[in-house]
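**Q** predicted model follows, preceded by the sequence.
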Amino acid sequence: YKGKYLASVSSRWDGSSRFGINNKWGYFPAVSAGWRISDEAFMKDIKWINSLKLRADLGVTGNQEFDSYRSLATYAGYGESYFNGQYYKGWGSNKNPNPDLKWEKQKQFNVGLDFSLLKNRLNISVDYFHILNEDLLMSKPLATSSGFASTIANVGRLKNEGVEISISSQIINNRDFQWNLQATLSHDKNTVDALYGNVDAIYNIYYNGIQRTGNLFVGESLNTVYSYKFHKICQQEDMDYVNGIDYGGKIVQPGDMIPVDVNDDKIINDEDRIVVGKLDPKIYGGFSTEFSWKDITLSGVFNYSVGAKRISNLYETMMNGTGSNIAHKDILDRWTPDHTNTDIPRAFYASGRYNYNDVDWGIQDASFLRLSTLSLSYNFPQKLVRKMSIDKLRVYFTGSNLFCLTNYKGFDPEGGDSYPTARMYVFGLNFSF
């Protein structure tokens, strides 16, 4: 309306044969609105603001990403049996049907402010978002008496909210020299609001042991690290305390790790495991800058993350070394009877004690600042290239992953430890006729 009041409304029904017979259809409405504040009469005298727009949107989307036929009872063969001179193949149900399985829904609210200042040389966008995922499509454990270990179901509720800021600026814009800068900053927090029934935790169990990641706790992040908390390295004077604790058969001698007895019951068991960190960063984003002087251009792209935790299996493996394989240099600072002022346990060629992967000792700060790309280019003058019957000629050099500032002791705080992130150098030539 009048080019400054904007609104949009949409509604859709989607159907999918993947869902149960009772809930194949989902309803997904959306509404958005905007207000060009800078077009109002009261803004005419504010010359340094060129554009100012307030916007908001609210909508619902659906998710059907799970394996087909999970809402149906399916059957599988279970070998053959010999009876009365013949072989008979056995068949039985291998999936529990769920006729009430329905769409996972994401309800999202977003409000943002866009403004341009100083003759459009500075542009800023600020967004706040609140996302609620309901009826999550997840595997739900079942009682063994049902004949099935689990079933796909609509389980729980997940909340995610945060702020995103983006800035672009034309700092210098002269005839021969230009300098541009762009930056983004994001902060978000996700929380498991509910699971199912009265359940407040779902554990990721493998070989009868609770894993450090993959667990779900009501009130906590989706990406928690769950383990014993490291207390200290045992010293000789600690043995009276150690002898009063039941460590469930674990060895604790001078130079070994002592976990925290969280509930102070003198027994170290699963009740003493706690959430010791989150894999989510507190803030993350990137920035890029470009300098141009006549026909020479230099640009760089950086990305960063602050506050995330990460488990480095590589580092823990190297610290658990016994001298027969690769080890980390930190192991040189290990505890010995003559060197007790350290938090690195003694050398131990056996099993049965608390290792790095039992406590939060090895969980690391995965904050980093990375120079993702650096590029230098030169555009040859038109007078020169036309003599060569060429329209444009450009030579360039690009380096990728040139450095990463971090305290992380694995391969890469962003990519993990499966393989080191490659560093690349590219020389190139672009020309057109």
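**A** Done, it's in.

**Q** now the worst-scoring helix or strand of the chain on mean pLDDT, how far from the centre of its chain.
**A** Scoring the helices and strands of the chain by mean pLDDT, DSSP states H and E places helix 382-387 at the bottom, with a mean of 77. Mean-position distance between helix 382-387 and its chain equals 50 Å (C-alpha atoms, centre = their mean, to the nearest Å).

**Q** what are the buried residues along that helix?
**A** When burial is assessed from 16 or more other C-beta atoms under 10 Å, helix 382-387 yields the following buried residues: Val385. (C-beta placed from N, C-alpha, C; glycine too.)

**Q** after that helix comes which helix or strand?
**A** Going down the chain from helix 382-387, the next helix or strand is strand 392-406, by DSSP states H and E.

**Q** who's in contact with that next one?
**A** Residues outside strand 392-406 that contact it (C-beta atoms under 8 Å, 6 or more residues apart in numbering): 366-380, 384-385, 412-414, 421-432.

**Q** between strand 392-406 and the helix or strand that it is followed by, find me the angle.
**A** Past strand 392-406, heading to the C-terminal end, the next element that is a helix or strand (DSSP H and E) is strand 424-432. Here strand 424-432 points in a direction 160 degrees away from that of strand 392-406 (axes from the mean of the first three to the mean of the last three C-alpha atoms, to 10 degrees).

**Q** with only the CA atoms kept, save strand 424-432 in PDB.
**A** Coordinates of each C-alpha in strand 424-432 appear next as PDB, following Å, rounded to 0.1, in the frame of the first residue of the first chain:
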ATOM      1  CA  MET A 424      45.700 -24.900  -1.900                       C
ATOM      2  CA  TYR A 425      47.500 -22.400  -4.100                       C
ATOM      3  CA  VAL A 426      46.000 -21.500  -7.600                       C
ATOM      4  CA  PHE A 427      47.600 -19.400 -10.300                       C
ATOM      5  CA  GLY A 428      45.200 -18.500 -13.100                       C
ATOM      6  CA  LEU A 429      44.700 -16.600 -16.300                       C
ATOM      7  CA  ASN A 430      41.400 -15.300 -17.600                       C
ATOM      8  CA  PHE A 431      41.000 -13.800 -21.100                       C
ATOM      9  CA  SER A 432      38.200 -13.200 -23.500                       C
END
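
**Q** which secondary structure elements does that strand contact?
**A** strand 392-406 (3 or more C-beta pairs under 8 Å, 6 or more residues apart in numbering; DSSP states H and E).

**Q** mind listing what the strand it packs on pairs with, with the direction of each?
**A** Strands adjacent to strand 392-406 in the sheet, as given by DSSP bridges, are strand 368-379 (antiparallel), strand 424-432 (antiparallel).

**Q** how close does Phe287 get to Ser372?
**A** Taking C-beta to C-beta, to the nearest Å as the measure, Phe287 falls 10 Å from Ser372.
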